[in-house]
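S.K.: turn this into a structure:
(chains A, B, C and D)
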2 protein chains.
Amino acid sequence: MAETDDTERLTASPGEHAAGARRRPEFRKGRPTLTRERIARAALEILSETGPAELTMRAVGARLGVSPRALYNYVADRRDLLGEMVAVCQRARPQPRLDTDRWQESLRTYCRDLRAWYRAHPGMPALARAEDLTPFASADLLRPDDILVEFFLGLGLSPQNAYRAWSITVLQVSGFAEMWDAWHDRPPPGTDPAAWTGVPSNLAAGELPHLRRVIAESDFEPPDVLFESVLTMLIAGVEAMR
Amino acid sequence: MAETDDTERLTASPGEHAAGARRRPEFRKGRPTLTRERIARAALEILSETGPAELTMRAVGARLGVSPRALYNYVADRRDLLGEMVAVCQRARPQPRLDTDRWQESLRTYCRDLRAWYRAHPGMPALARAEDLTPFASADLLRPDDILVEFFLGLGLSPQNAYRAWSITVLQVSGFAEMWDAWHDRPPPGTDPAAWTGVPSNLAAGELPHLRRVIAESDFEPPDVLFESVLTMLIAGVEAMR
DNA sequence: ACCTGAACACCGTTCAAGT
DNA sequence: ACCTGAACACCGTTCAAGT
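M.R.: As a prediction, the model looks like this:
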């Protein structure tokens, strides 16, 4: 029993077991034992199913069939729970599979994966910022970023440009997911998602003529199409750095 | 007294005065009279000085020297107050001054103004989304957007491309302000702003080699420089649409 | 070792008075 | 017409027991 395995280490509870103590049981009264990770996952479910306002300690406890007080045996406070939520998310961030010989297509693919990951946790960056959490605390959470930087260096970019390209790539994808997808994936109640163009339909004649014309004469494009346009711009920008 | 002026109309209180009634006094007990707008401005100050967690009805009342209950004579509830905050912000959105003959420089200038505007209200888009508010409710708030679309049409873009260019411009600027500036303008307490690169300094040897190399061999670039890189990409993207 | 239940301070909101 | 103060339900968190 020299080394505990990965999941065991990550889900260790704050009440430390002495070395060589028996493992904590997987179940208790029919319910799975609480762990920091299990609590964080329940909280992430609440966050993406409802929203940040409904993410309360009481709601997390209720979802796990436990009193709110029980959570405090594993997390110090709400802020600590949010930190664990960030960590759980980060661990699931996609690992880039990048090929410098087909660099445009592989960058595109990775950005699509990254976008899907951000979309799966809408509002998480905003929540982290509102609570002054520092993401990327540990080195292994930055592995995807290291691979991405390596890729840009492999394209022949200078270190400075590789740093810029990395920053801009993450910025483009996270910005798109948070500022665009978040609205389109769950529009405010009462708005018609399909017709949602950002422009009110009850306009006085002559108001906003150009905006109206452009919307009338454009085909409706789903967010995916706009995202590809952003990626095309990004790729052209990287190309210009070489 | 046929037409009330702009500010009067916008700050009308819900308790309607009969037509021809005298104006409500500007002051009351030495303090300026409450209005929806004045309440929203106090709330915006709290939001940007502290953060969304400190934005409470009680705090807004205290800042105005009034009991929390008094606010409910002007706003229906917290959500209504947030809506008024959005409206106050939107009214202050910069009007583009765009010249198709010097289109690159004037687009750049407008984007800088727009970025400054977003930075002045950090977390406002996230707050609006968390509370399911619909921004851009009224037509006059979309005036800047109409001007921007007119500008892109004037460059010879097709309606479809003008729509894309508008979306992407707003997306780029808002995304940069919310995802990048928000962190750099007020980093989590305990981090050194000048050295903040997003990478922890206590790395084991051999960990994240490429990220470390890139950071070591890059000059520190303030966010302004990265923003200009984003704008260069945006301009190249628009150029490619013509 | 880990849980529950009561309790406290705080927040949004409402009710009943005050002037 | 507009304000205050008390009150209610809810939230984060803690204390004192339970098993």
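S.K.: A:G175 falls within a helix, correct?
M.R.: Yes. Secondary structure assignment places A:G175 in a helix (DSSP: H, G, I helix; E, B strand; the rest coil).
S.K.: who's in contact with it?
M.R.: Counting by CB atoms under 8 Å, 6 or more residues apart in numbering or on different chains, A:G175 makes contact with B:L171, B:Q172, B:S174, B:G175, B:F176, B:E178, B:M179. C-beta here means a position set from N, CA and C on the backbone, and glycine is covered the same way.
S.K.: please apply the same query to A:E45.
M.R.: Applying CB under 8 Å, 6+ apart, the residues near A:E45 are A:R63.
S.K.: gap between it and B:T191?
M.R.: 30 Å (CB to CB, to the nearest Å).
S.K.: could you redo the contacts of A:G175 as CSV and give each row distance to DNA strand C and pLDDT?
M.R.: CSV is the format used below for the contacts of A:G175 (distance: CB to the nearest atom of the strand, whole Å; pLDDT from 0 to 100):
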residue, distance to DNA strand C, pLDDT
B:L171, 31, 98
B:Q172, 33, 98
B:S174, 26, 98
B:G175, 28, 98
B:F176, 30, 98
B:E178, 22, 97
B:M179, 26, 96
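S.K.: could I get those in CSV, plus columns for distance to B:P222?
M.R.: Formatted as CSV, these follow (distance: CB to CB, whole Å):
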residue, distance to B:P222
B:L171, 22
B:Q172, 18
B:S174, 20
B:G175, 18
B:F176, 13
B:E178, 18
B:M179, 16
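S.K.: can you select the buried ones from the residues you listed in ChimeraX?
M.R.: This is the ChimeraX syntax for the buried subset of the contacts of A:G175, where burial follows 16 or more other CB atoms under 10 Å in any protein chain shown:
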select /B:171,172,174,175,176,178,179
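S.K.: may I have the phi/psi pair for A:P32?
M.R.: Reported as degrees, to the nearest 10, the phi and psi values for A:P32 are phi -60, psi 140.
S.K.: okay but it is in contact with A:R38, surely?
M.R.: Yes. At 6.5 Å, A:P32 and A:R38 qualify as touching, with contact defined as CB atoms under 8 Å.
S.K.: for the contacts of A:G175, which one is nearest DNA strand D?
M.R.: B:E178 (24.0 Å; CB to the nearest atom of the strand).
S.K.: ok, that closest one touching A:M179?
M.R.: Yes. B:E178 is within contact range of A:M179, at 6.7 Å (criterion: CB under 8 Å).
S.K.: mutual contacts of those two, please.
M.R.: In contact with both B:E178 and A:M179: B:P125, using CB under 8 Å, 6+ apart.
S.K.: how about the CA coordinates for the helix or strand A:V170 falls within, as CSV?
M.R.: Here A:V170 sits within helix A:159-176, counting by DSSP states H and E. Extracted as CSV, the C-alpha positions of helix A:159-176 are listed here (Å, rounded to 0.1, in the frame of the first residue of the first chain):
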residue,chain,number,x,y,z
PRO,A,159,8.0,32.5,-28.3
GLN,A,160,6.3,35.9,-28.1
ASN,A,161,4.0,35.0,-30.9
ALA,A,162,3.3,31.6,-29.5
TYR,A,163,2.3,33.2,-26.3
ARG,A,164,0.0,35.6,-28.1
ALA,A,165,-1.5,32.8,-30.2
TRP,A,166,-2.2,30.7,-27.1
SER,A,167,-3.8,33.7,-25.3
ILE,A,168,-5.9,34.6,-28.3
THR,A,169,-7.0,31.1,-29.0
VAL,A,170,-8.3,30.5,-25.4
LEU,A,171,-9.8,34.0,-25.4
GLN,A,172,-11.6,33.5,-28.7
VAL,A,173,-13.1,30.2,-27.6
SER,A,174,-14.0,31.1,-24.1
GLY,A,175,-15.4,34.4,-25.1
PHE,A,176,-17.6,32.8,-27.8
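S.K.: much appreciated, bye for now.
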